[in-house]
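**Student:** Below are the sequence and a predicted model; questions follow.
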Amino acid sequence: MKERLYFIPPVIIMILIYLGSNDPASGEKSDFITKFIWKIIDNIFNYNHTYSQEMGLSFLIRKLAHMTEYGLLNISTFFALIKNFKLKYNQNIIISSIISLLYSITDEYHQSFVPGRVGTYEDVLIDLSGILLVSFILIKKLTVKNV
């Protein structure tokens with residue numbers, strides 16, 4: 001029964017992703033972070049950034065957030081599977097990756113119905129890059145462990 005508790009982190013991550021996707025003002029919230037970072041850079045280096053630089057950093061932060069949240073979803077799902085099912089290590093990697101990718105696809109589809117948001121296949125690909133990064137790290141751990 002205690003092993004089922006390992007499913008709590010991926011479910012929490014899924015809920016947080018859903019809530020973020022359901023928020024029409026999510027872009028403004030990430031822009032706040034960008035403005036804060038630029039304020040620090042401008043003050044420390046006596047630099048005056050351009051609007052284009054601000055938008056570029058904002059884009060980068062949002063896309064890195066996509067990669068990070070789906071990487072975390074993948075690894076937390078992987079550990080939940082490892083603790084609950086008697087599958088091979090690499091099978092758990094594949095299943096957790098598929099679950100994470102399917103959640104990404106459904107999340108982007110969900111966003112297409114939220115006013116002020118759009119669902120894009122580009123974001124699914126960015127999510128997939130975070131999923132694959134974690135998968136490659138887990139595979140590398142497997143190969144190092146077996147050497």
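**Tutor:** All right, it came through fine.
**Student:** Could you use CA atoms for every contact and neighbour count after this?
**Tutor:** Fine.
**Student:** Okay, the residue in the chain sticking out farthest from the centre and residue 32: tell me how far apart.
**Tutor:** Distance to the chain centre peaks in the chain at residue 46, reaching 33.4 Å (criterion: Cα atoms, centre = their mean). Distance, residue 46 to residue 32, using Cα to Cα, to the nearest Å: 20 Å.
**Student:** per-residue pLDDT, the most centrally placed residue in the chain?
**Tutor:** By Cα atoms, centre = their mean, the chain has its centre lying nearest to residue 69, at 2.2 Å. If you check residue 69, the pLDDT there is 96.
**Student:** OK, contacts around it?
**Tutor:** Residues in contact with residue 69 (Cα atoms under 8 Å, 6 or more residues apart in numbering) are 13, 17, 127, 130.
**Student:** likewise residue 18?
**Tutor:** Here residue 18 is in contact with residue 107 (Cα under 8 Å, 6+ apart).
**Student:** Report the contact partners of residue 13.
**Tutor:** Contacts of residue 13 by Cα under 8 Å, 6+ apart are 69, 72, 73.
**Student:** scratch that, residue 54 is what I was asking about
**Tutor:** Here residue 54 is in contact with 34, 35, 38 (Cα under 8 Å, 6+ apart).
**Student:** Okay, buried residues for the helix or strand bottoming out on mean pLDDT in the chain please.
**Tutor:** In the chain, the helix or strand scored least confidently by mean pLDDT, DSSP states H and E is helix 26-45, which has a mean of 81. Within helix 26-45, the residues scored as buried using 16 or more other Cα atoms under 10 Å are 30, 31, 34, 38.
**Student:** show me where pLDDT drops low in the protein?
**Tutor:** Applying pLDDT under 70 to the chain flags the ranges 27, 144-147.
**Student:** could I get stretch 120-132 in CSV with only the CA atoms?
**Tutor:** Listed next in CSV are the C-alpha coordinates belonging to stretch 120-132 (Å, rounded to 0.1, in the frame of the first residue of the first chain):
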residue,chain,number,x,y,z
THR,A,120,0.9,24.1,-30.2
TYR,A,121,2.7,21.1,-31.4
GLU,A,122,5.9,23.0,-30.9
ASP,A,123,5.3,23.0,-27.2
VAL,A,124,4.7,19.3,-27.3
LEU,A,125,8.1,18.9,-29.0
ILE,A,126,9.7,21.1,-26.3
ASP,A,127,8.0,19.0,-23.6
LEU,A,128,9.3,15.9,-25.4
SER,A,129,12.8,17.3,-25.2
GLY,A,130,12.6,17.5,-21.4
ILE,A,131,11.1,14.0,-21.3
LEU,A,132,13.9,12.6,-23.5
